[in-house]
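Undergrad: take this sequence and fold it.
(chains A, B, C and D)
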Protein chains: 4
Amino acid sequence: MPAEDQLRIGMIGYGFMGRAHSQAWLLAARAFELPVRPELTVVAGRNEQAVESFADTWGWAATDRDWRRVVERDDVDLIDICAPGDQHREIALAALAAGKHVLCEKPLANSVAEAEEMTAAAEAARGRGARSMVGFSYRRTPALALAREWVAQGRLGTIRHIRAAYLQDWIVDPNFPLVWRLQREAAGSGALGDIGAHVVDLAQFLTGQRITGVSAITETFVKERPLSDGTGRGPVTVDDASLFLARTDGGALATFEATRFATGRRNAMRIELNGSAGSVAFDFERSNEVHFFDNTDDSALAGFKRVQSTEPEHPYLSGWWPPGHGLGYDHTFVNQARDLIVAIAADTDPEPSFADGLQIQRVLAAVEASAANSSTWTPIAGA
Amino acid sequence: MPAEDQLRIGMIGYGFMGRAHSQAWLLAARAFELPVRPELTVVAGRNEQAVESFADTWGWAATDRDWRRVVERDDVDLIDICAPGDQHREIALAALAAGKHVLCEKPLANSVAEAEEMTAAAEAARGRGARSMVGFSYRRTPALALAREWVAQGRLGTIRHIRAAYLQDWIVDPNFPLVWRLQREAAGSGALGDIGAHVVDLAQFLTGQRITGVSAITETFVKERPLSDGTGRGPVTVDDASLFLARTDGGALATFEATRFATGRRNAMRIELNGSAGSVAFDFERSNEVHFFDNTDDSALAGFKRVQSTEPEHPYLSGWWPPGHGLGYDHTFVNQARDLIVAIAADTDPEPSFADGLQIQRVLAAVEASAANSSTWTPIAGA
Amino acid sequence: MPAEDQLRIGMIGYGFMGRAHSQAWLLAARAFELPVRPELTVVAGRNEQAVESFADTWGWAATDRDWRRVVERDDVDLIDICAPGDQHREIALAALAAGKHVLCEKPLANSVAEAEEMTAAAEAARGRGARSMVGFSYRRTPALALAREWVAQGRLGTIRHIRAAYLQDWIVDPNFPLVWRLQREAAGSGALGDIGAHVVDLAQFLTGQRITGVSAITETFVKERPLSDGTGRGPVTVDDASLFLARTDGGALATFEATRFATGRRNAMRIELNGSAGSVAFDFERSNEVHFFDNTDDSALAGFKRVQSTEPEHPYLSGWWPPGHGLGYDHTFVNQARDLIVAIAADTDPEPSFADGLQIQRVLAAVEASAANSSTWTPIAGA
Amino acid sequence: MPAEDQLRIGMIGYGFMGRAHSQAWLLAARAFELPVRPELTVVAGRNEQAVESFADTWGWAATDRDWRRVVERDDVDLIDICAPGDQHREIALAALAAGKHVLCEKPLANSVAEAEEMTAAAEAARGRGARSMVGFSYRRTPALALAREWVAQGRLGTIRHIRAAYLQDWIVDPNFPLVWRLQREAAGSGALGDIGAHVVDLAQFLTGQRITGVSAITETFVKERPLSDGTGRGPVTVDDASLFLARTDGGALATFEATRFATGRRNAMRIELNGSAGSVAFDFERSNEVHFFDNTDDSALAGFKRVQSTEPEHPYLSGWWPPGHGLGYDHTFVNQARDLIVAIAADTDPEPSFADGLQIQRVLAAVEASAANSSTWTPIAGA
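TA: Here you go, the predicted structure:
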């Protein structure tokens, strides 16, 4: 029987995301004052030796080779899905059926159909007290949460433009191997779902608006790559870059760009919003600052202001350090864990919901449909 | 009969561009060693008092109320067209017919048909020794001319992405009046032709590639504005913002954005090129520097390098100041005048030609066609 | 008897630094593969309730109100001194006498005499196998460790200039209260010892050179401040700002500036080195990047390069995230814990040593002496 | 007898500064509406062929090999001294005696004694209607003139810190030859007088305060350099770098740094002012912007604001281009010419006066005296 002040975590997967989540569960109740404390109860993974080593390092109390057993454990309150995207659906459905809260890494699924099924399950489970959330962790960057506050306060007025780009460069070398992320069956899509999904989420989160339609082009610059096993080359079956134009239900225009070929841009997740009353601009490569232009300033004194998102009154900063002492990539996961724990303890819905994740999936699907149809304007289903 | 070392200028128009051009003619042979020296022979304008005052200020030797007389003067070698776009065609055709060299401000014309006629005339006149050029002066920014050199030297390798934006904010206020630039009959288009044309030219100039097709959206955010005469409000008949995706004949993808609603961006003409061997990035708001990423660097030592385009060996710098002593917007016109004079004296074709201007006009027309047709992919005529 | 793979920590103090150190001990063996794992064995603090709450949050196995008992525990291998500066000497001497390894927060002591005594004790204890280190954690910022590598590789050539500043602004408001940091008895000095010490350490660490003499001015802008207990105002007895010129044994000139009155600069710890072959520049407000100018580049292609210190081959990055995914302030403490653990396990001396801390103390003392003596050039004792 | 609306210029010298001044006289009445128009009447220089070529290029109506004849011409109203510093005194005294207005390039003289004599002469001549000014042209950078307005409006409150540096790197190469600027007899001093003088002027101009004392170190890193005639190496007799601390009569502390060895810094003239109510920061390498921190902002919204100094209401912008269209180095000279012409026409004193130039000379002398005397604090004579 759970202690009242604990939230017992069962995590599925122990790769890059598993590590970031482990650190988040470890630090969340240390950095922040929380109503309940996450317990690292059990981690599941297929490779017994690897998962035990991982559990030992991070302090997980138990391991299991079968995620199904984890989902059914009585001493687990929340299932944290860090497995690859093609497993999300099955694990989430089982976890929700078992009455667990679910945190699912993004993208929610590899297809709209899967995401619809998961969303329906999440909504059903919600009636039984189970909460669910998708892990769009970048929302928890303090600078971006701060920008969201500004928009909500009306500091930008009517938003006319959204300029969003997620620029990386890790596969510019044509001899970079054909890893799973470059294969459609495993990854669903390429830059689009991996990083494009993040900026779609952020654009909508920051503006409070929804994308209503898109026009897109996509490209695979390097068509074949070396197989990892050294037996030759195989076809790249996902996009290297996806670019699209969009409109929102609030009347804004938008450009989106997701690419793994922006040489020199290591992790440039950028977003700029231009509104009638002000503008904001952000680049994750300088994640501890956000630039704000206040159009109500006298023009002789106006300019983009570099606001360091490290003031005590800024989002999430109660948990961290003094002004000017920046945070890193991993803090976004701690902040996310905090928000999820607070929501569960308060019996409220964490955000973004599975329905939010589904809507993003629909945007991604519309992008692919438009690109396949001469870039013709493609409305988002349900919008 | 002209002195052999003179190039006698007849300028049509004396507004903002007339002023920039006058300063350019005044300084070109002073900043640079030139084979011939431009003479400010005559300036034409309808308002006699205004044009005389202008001529007096800038040192034009004569004035005329009728540009036709200027075009026919024996003592004029070059006609410099700084009149509004809806007059370009008529003046250029007359000047070329009269055997004058022609410098025509951008955009070349207000329609593809006009531009085609002008291009045909320029090509015919060329056989008779008359040279013509379109005034895409931003090409003469040393930082951009330097970037062009890098591309031509192969420092970027195969270019995969072009990210071009021209962001301004001078009409965000809905009470900004309905000036001629916001009326289709006079201006041809809005942000698209005024500033979008510049980044189309630059993207093609820098890469040496041509755009082959586009997908676009355009918008007019503020539909009506106060009439200048105070008699109420009238409709805005041009685009406030135009966004488009493109592909080039070199296999690159591109995003273009031209807007007058990017609050806080005064004159942010930005371009970034990502290639297999390197990247460059530029923003006219910091026009004396260009950023270069060299992908042949060891990754531990790699980063975007801020190159100040003020070294003696940089383009145009022979005419100017020591390292770190920047140039301004107006220097681009002096540099342009220099290039034109050098080309004429050497009996070679200056660039960009009228044919280049026509091709840009076709891109703009395709943008409007795509936007009017559900953003459907629209090939560029002749590409 | 200790498990062979453990390093059992006894920490004295549980304030701001205690928290940063706790997180570091918690994460060090998780982020990095380490030969021994730190154990959070016991934390000492005077306020029983507060220290127990702290221990509970961070996972310290035990608490004690008396640091002397902690120092004498058989099951403690390392004493981590996070208590205020006026306690450093007594705790360090006791810990070293008890054969413990010691990590002492900076500055090493509040006076040269104390630091000399501690250094002598550390050197004596070293003969008995006890290692000691001063906590100049900023050295462990990857960007700065990377800059150190460049200097050591000769990429800067002969260093001529060091430009170091630590700029904060947290007491610009004259009604900010008279906290202990503004009182000489408790704090030793003001901006000088608190933040100036960091840039003195960094300048010497990065260059591998030692300061040989200084000329200084110091000032207290706000002479009296409100007492914390509301009973009026009391005198500020430390410096608000300290500025000094210096020379090094390598022939470089230097400026140092430590201030709490640089309005708008939240935590701008900046350092620039100019050498015959290159330069580096760093600002902690953008701590995930360091700028490098390579003077061996062709001047037409030269410029300060913004290197993101997040590549796999960069210092400390084996423990963290992919390129472009930055780290925060707290990661420097984890990196520091790693270095200390590795040194102890390898039976080598961690850096900076107590002798290094003493030398910095001598620089600070010379600054105060020069400022009190008409800024007259003051050699560093022992240099 | 002069036309009432003309100011007839006689310029002495035709080097780098002569060129910048010629362009300024040429453009001043074109860019700005001015009460009188400068006429390029005569330029003097020793090399007949060179000065005639120069005059021909820039449009000077006459030339003379002897500056004395120019000073005595009836048809000259203003003598513009662009000759080397060791001639300033003699020319200025003669010009003032002849009743001419005088513009003298900085530094005013090569010694305090010369500057005193010139100042006395200027004050005497002023009684007879002759105006005089020193050419600290950087004051006329719009961004800096704007910063001056902000200080004067009280937007910075009480200024506590001045951080001024003028960083160049043109003699880092030890084989750069022994030009006249590196010889004390001709140049007076090295980095100190050449570029340090500029930041001393700016610091005082921007704050409206005077330096009261200094503590300094100077250094010559490369002691011998190749003679220009190839006959071996000769001693460098001026400073390569001068660093000094200062205090002002307004209670501020300051650091000053002038160096020609800051590798990679082409022309980084930087100044930052920190006040109780706000801060400003400027770097000439990005001369079209100035950064302003408003300490009256809510701290959650505060940050350094990048103000582009190109708004119509900004200083000097009436003469130039639209927002975001930057100016260059040479525009400062045009702006300076404008200010001087306006002052003369209005019968008021232009700034900075010879007395201002003398005071700067005294600061430079105190820097050298302090450096020669163990950095001991050295008050400024007359302060």
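
Undergrad: from here on, just use CA atoms for contacts and neighbour counts.
TA: Noted.

Undergrad: low-confidence ranges, the stretch 1-150 of chain A, go.
TA: Applying pLDDT under 70 to the stretch 1-150 of chain A flags the ranges A:1-3.

Undergrad: check the stretch 251-383 of chain A too.
TA: Looking at the stretch 251-383 of chain A by pLDDT under 70, you get A:383.

Undergrad: quick check: phi and psi at the closest residue to chain B within the stretch 251-383 of chain A.
TA: Using C-alpha to the nearest C-alpha, the closest approach of the stretch 251-383 of chain A to chain B is made by residue A:376 at 4.3 Å. Note on residue A:376: its backbone torsions stand at phi -60, psi 140 [degrees, to the nearest 10].

Undergrad: again, but for residue A:41
TA: Per degrees, to the nearest 10, the backbone of residue A:41 is at phi -80, psi -50.

Undergrad: quick check: it vs chain C, distance?
TA: 16 Å (C-alpha to the nearest C-alpha, to the nearest Å).

Undergrad: ditto for residue A:236
TA: 22 Å.

Undergrad: you'd agree residue A:332 is in a helix?
TA: Yes. Judged by DSSP: H, G, I helix; E, B strand; the rest coil, residue A:332 forms part of a helix.

Undergrad: what about it, neighbour count?
TA: 21 (other C-alpha atoms under 10 Å in any protein chain shown).

Undergrad: return the backbone torsion pair for the residue most central in space within chain A.
TA: For chain A, the residue nearest the mean C-alpha position is residue A:136 (2.1 Å; C-alpha atoms, centre = their mean). With angles defined as degrees, to the nearest 10, residue A:136 sits at phi -80, psi 80.

Undergrad: sorry, back to before: who's in contact with the residue of the stretch 251-383 of chain A closest to chain B?
TA: A:215-216, A:370, B:215, B:374-377 (C-alpha atoms under 8 Å, 6 or more residues apart in numbering or on different chains).

Undergrad: please look at residue A:218 and residue A:245 and confirm they touch.
TA: No. Under the criterion of C-alpha atoms under 8 Å, residue A:218 is not in contact with residue A:245, lying 11.9 Å apart.

Undergrad: show me the beta-bridge partners of residue A:244.
TA: residue A:216, residue A:256 (DSSP bridges).

Undergrad: show the contacting residues for it.
TA: Contacts of residue A:244 (C-alpha under 8 Å, 6+ apart): A:214-217, A:255-257, A:367, B:245.

Undergrad: how about residue A:283: what's its closest non-neighbour residue?
TA: Closest residue to residue A:283 apart from its sequence neighbours, by C-alpha to C-alpha, 6 or more residues apart in numbering or on different chains: residue A:270 at 4.3 Å.

Undergrad: using the three-state scheme, assign that neighbour.
TA: Reduced to three states with three-state DSSP, the structure at residue A:270 is strand.

Undergrad: returning to that earlier point: ok, the contacts of residue A:376 vs residue B:60, which is closest?
TA: Residue B:60 lies nearest to residue B:215 out of the contacts of residue A:376, by C-alpha to C-alpha, at 45.8 Å.

Undergrad: elements contacting the strand or helix carrying residue A:20?
TA: Using DSSP states H and E, residue A:20 maps to helix A:16-31. Using 3 or more C-alpha pairs under 8 Å, 6 or more residues apart in numbering or on different chains; DSSP states H and E, the elements in contact with helix A:16-31 are strand A:37-44, helix A:331-345, helix C:48-58.

Undergrad: for residue C:181, which of those is the nearest?
TA: The nearest among these, by C-alpha to C-alpha, is helix C:48-58 at 21.2 Å.

Undergrad: who's in contact with the closest one?
TA: Outside helix C:48-58, the residues that reach it (C-alpha under 8 Å, 6+ apart) are A:29-30, C:14, C:22-23, C:43-45, C:61-65.

Undergrad: how does it look with 10 Å?
TA: With contact meaning C-alpha atoms under 10 Å, 6 or more residues apart in numbering or on different chains, helix C:48-58 is reached by A:26-27, A:29-33, A:37, C:13-15, C:18-19, C:22-23, C:25-26, C:40-45, C:59-66.

Undergrad: give me the phi and psi for residue A:374.
TA: phi 60, psi 30.

Undergrad: contact partners for residue A:78?
TA: Contacts of residue A:78 (C-alpha under 10 Å, 6+ apart): A:7-11, A:38, A:41, A:71, A:95-96, A:99-103, A:130-132, A:344.

Undergrad: pairing-wise in the sheet, spell out the partners of it.
TA: Counting by DSSP bridges, residue A:78 is bridged to residue A:9, residue A:101.

Undergrad: grab the nearest non-local neighbour of residue A:211.
TA: residue A:248 (4.2 Å).

Undergrad: contact partners for the residue in the stretch 251-383 of chain A positioned nearest to chain D?
TA: Relative to chain D, the nearest point of the stretch 251-383 of chain A is residue A:305 (3.8 Å; C-alpha to the nearest C-alpha). By C-alpha under 10 Å, 6+ apart, residue A:305 lies in contact with A:280-281, A:289-294, D:291-293, D:301-307.

Undergrad: quick one: the strands in the stretch 101-250 of chain A?
TA: Taking DSSP state E, counting those that start in this stretch as the test, the strands found in the stretch 101-250 of chain A are A:101-105, A:132-135, A:159-167, A:211-219, A:224-226, A:233-235, A:241-248.

Undergrad: the last one versus strand B:241-248: what angle between them?
TA: Between strand A:241-248 and strand B:241-248, the angle formed by their directions is 160 degrees, by axes from the mean of the first three to the mean of the last three C-alpha atoms, to 10 degrees.

Undergrad: assign the residue of chain A most remote from its centre to helix, strand or coil.
TA: Within chain A, the residue lying farthest from the chain centre (C-alpha atoms, centre = their mean) is residue A:300, at 39.4 Å. Counting by three-state DSSP, the backbone at residue A:300 sits in helix.

Undergrad: so what's it up against?
TA: Applying C-alpha under 10 Å, 6+ apart, we find residue A:300 in contact with D:146, D:307-314.

Undergrad: so which of those belong to strands?
TA: D:307-308 (DSSP state E).

Undergrad: list only buried entries from the contacts of residue A:300.
TA: Buried members of the contacts of residue A:300, scored by 16 or more other C-alpha atoms under 10 Å in any protein chain shown, are D:146, D:307-312, D:314.
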